[in-house]
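> sequence and computational prediction follow.
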Amino acid sequence: MYEHLVVFKFNTNVTPAKQQELLGQLLGFKDRIPGILDISAGLNVTEEKENVHGYTLGLRVTFDSLVSLRSYGPHPVHQEFVKSLDGLLENVIVVDYPKV
């Protein structure tokens with residue numbers, strides 16, 4: 001199994017409603033992209049304000065294999081989501097690792 005972690009830092013013009021909409025799209029990946037065993041996403045509610053650095057949405061996806069993780073990036077559903085982020089992101093952090 002492999003974990004895929006992403007944290008999103010949106011531009012200041014992205015409303016909370018838009019972030020909720022994007023969150024819903026992310027959660028819909030499980031039923032639409034093969035190889036996803038589990039998915040979790042949410043808006044950042046940490047009280048560690050000094051560590052937020054403007055990142056407001058987090059995503060964790062568990063894949064059944066490295067092949068599934070590698071197929072995820074180019075998958076049409078994922079690519080559609082990536083295109084919807086055009087002009088909305090200030091930064092994004094991605095970490096992939098084998099689950100032990």
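Looks like it arrived, so ask away.
> what's the weakest-modelled helix or strand in this structure?
In the chain, the helix or strand scored least confidently by mean pLDDT, DSSP states H and E is helix 16-27, which has a mean of 91.
> what's the helix or strand for the most centrally placed residue in the chain?
Taking CA atoms, centre = their mean as the criterion, residue 59 is the residue nearest the geometric centre of the chain, at 3.9 Å. Using DSSP states H and E, residue 59 maps to strand 57-63.
> with residue 45 instead?
Going by DSSP H and E, residue 45 is not in any helix or strand.
> state the phi and psi torsions of it.
Note on residue 45: its backbone torsions stand at phi -120, psi 20 [degrees, to the nearest 10].
> likewise for the one 3 residues further on?
Backbone torsions for residue 48, taken as degrees, to the nearest 10, come to phi -80, psi 70.
> what about it, how many neighbours?
Look at residue 48: counted by other CB atoms under 10 Å, it has 7 neighbours. C-beta: built from backbone N, CA, C; applies to glycine.
> what is the distance between stretch 37-45 and the centre of its chain?
8 Å (CA atoms, centre = their mean, to the nearest Å).
> buried sites along it?
Within stretch 37-45, the residues that count as buried by 16 or more other CB atoms under 10 Å are 39, 41.
> same check on stretch 56-68?
56-59, 61-63, 68.
> looking at these, which is nearest residue 42?
Ranked by distance to residue 42 (CB to CB), the buried residues of stretch 56-68 are led by residue 58 at 6.2 Å.
> tell me the contacts of the closest one?
Residues near residue 58 by CB atoms under 8 Å, 6 or more residues apart in numbering: 5-8, 41-42, 44.
> assign a three-state SS to residue 13, would you?
For residue 13, the secondary structure call by DSSP: H, G, I helix; E, B strand; the rest coil comes out as coil.
> just the closest of the contacts of residue 58 to residue 85, please.
When those are compared against residue 85 (criterion: CB to CB), the nearest one is residue 8, at 8.0 Å.
> nearest spatial neighbour of the closest one, chain-adjacent residues omitted?
Nearest non-adjacent residue to residue 8, counting by CB to CB, 6 or more residues apart in numbering: residue 57, 4.3 Å away.
> show me what that neighbour is bridged to.
Residue 57 has these beta-bridge partners by DSSP bridges: residue 8, residue 43.
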